[in-house]
Each structure stands twice: as structure tokens, then as C-alpha cells.
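**Q** Give me a 3D structure for the following:
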Amino acid sequence: MYPKNAEYCVFDLDGVLADIVKGAQKYVDYMYGRHVPDTWIGHDLDAEELEEMLTNEEFFAFLPPIKNAPKALKTIEKLDYKIIIVTGRKIPIGPSVSWLIDRGIPFHDVVPMNKKDRVDLAKQINPLLFVEDNYETAKNVKEYCYKTLVLAHPWNDFKNPDITIIRDLMDLFPYIGVEVCQKG
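**A** The predicted structure follows:
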């Protein structure tokens, strides 16, 4: 699927590039008239509401980008790395691609895949970088990547000191040996 000699950076879409918490707050307020706290991890919705939200294309329109996501990926692109975006969304891929384009987030490929498939992808391409919002997925892909990072969120319980947590996507560059001026 991908050439072995390319340098890849892999990013999860929801929770790394798309702010699923802010999106859920707006969506739940709009659909159900309820407030979702900043520490949202899905427990504020019953199973039916959560499934409806995650399979509804309209929900994804509510998602703003994570702070500095466009800037970080534009910088990655300027460094000539191929950007692969993975998503577990249960909707057609077209709206996800449109979301990225509309927000100026560059990519080489957008691939729908579950967590097991992400491990297979990491084995196949041995990416320079894999950025996840899910600690368990990061732990599983870690051995196949030069560097695996997790964007900090309330739903992660970090027990492995080998998994690096970042709070901002612009913080990833030192981990791949790149100095980036963060002004502007």
C-alpha cells in the first residue's frame, strides 16, 4: 500500500486533529439541550445517544480543529513527510476529507481503520511519528514507530513511562529532531 522508503507521520483524526470534546459540547447542547463538561469522556450520553452522535455526519461538522493542528501538519508537510490520517469514524470517508480540506489541514491519505488495523499499518510502514489520543492504541503501535506520542485528554490513564504525552501538537517537533519557531 505504501512505499517502504517514505517517511510517514500518522495522526488520529478525532481527538488529535479534530476537537471531539468541544464538538460534543456543541452537538449535545444543540441536539439535547444539555451541557457537556470539558472533561467529557462520553459518559454524559446514554449508549443510544453516543452511537447516534458518532454515526451522524452532522456531528463531525461541529468539530473545531485541535489548537495548532493546521499549523503543526503544515510544518510536517514542509519537512517533506507524508501525512497519513487514520480515523475510526463510522461514516463515509468523504466528509472527513472535506473537514480536513476546509480547515487547511494537509494530508497524503485518509484511512478508515480500527485500532487493530493501526497496529498493522505501523508494522507495514514503520512511521517516523504516530500521534494518538488513545493511550492503549499508542502502546500497541509503539514498537513499530520511531516515536509515538499521545495528545493529553482526560480519558487517558498513563501508566507507561515509555509513552510521551504532549499537550499541544507543536510540542511534537523536538521528538523527531526538528526545531520549530512557534511564533505566529
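**Q** Could you pick out the longest helix of the chain?
**A** With secondary structure taken from DSSP state H, the chain has its longest helix at helix 20-32.
**Q** Check the model's average confidence along that helix for me.
**A** Helix 20-32 carries an average pLDDT of 83.
**Q** what's near enough to touch residue 16?
**A** Neighbouring residues of residue 16 by CB atoms under 8 Å, 6 or more residues apart in numbering: 66, 69, 131, 132, 133, 151, 169. Bear in mind the C-beta positions are built from the backbone N, C-alpha and C, glycine included.
**Q** Next, the buried residues of the longest helix of the chain.
**A** By 16 or more other CB atoms under 10 Å, the buried positions in helix 20-32 come out as 20, 21, 22, 23, 24, 25, 26, 27, 28, 31.
**Q** Tabulate the CA atom coordinates of stretch 100-116 in PDB.
**A** C-alpha atoms of stretch 100-116 as PDB (Å, rounded to 0.1, in the frame of the first residue of the first chain):
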ATOM      1  CA  LEU A 100      -9.600  18.400   6.700                       C
ATOM      2  CA  ILE A 101      -9.600  20.400   3.500                       C
ATOM      3  CA  ASP A 102     -12.000  23.100   4.800                       C
ATOM      4  CA  ARG A 103      -9.700  23.600   7.800                       C
ATOM      5  CA  GLY A 104      -6.500  23.700   5.800                       C
ATOM      6  CA  ILE A 105      -5.100  20.500   7.300                       C
ATOM      7  CA  PRO A 106      -2.800  18.800   4.800                       C
ATOM      8  CA  PHE A 107      -2.600  15.100   4.200                       C
ATOM      9  CA  HIS A 108      -1.400  12.400   1.900                       C
ATOM     10  CA  ASP A 109      -4.000   9.900   2.700                       C
ATOM     11  CA  VAL A 110      -7.000   9.400   5.000                       C
ATOM     12  CA  VAL A 111      -7.700   5.900   6.000                       C
ATOM     13  CA  PRO A 112     -10.600   4.500   8.000                       C
ATOM     14  CA  MET A 113      -9.300   1.900  10.300                       C
ATOM     15  CA  ASN A 114      -9.900   0.300  13.700                       C
ATOM     16  CA  LYS A 115      -7.300   0.100  16.400                       C
ATOM     17  CA  LYS A 116      -6.000  -3.300  15.300                       C
END
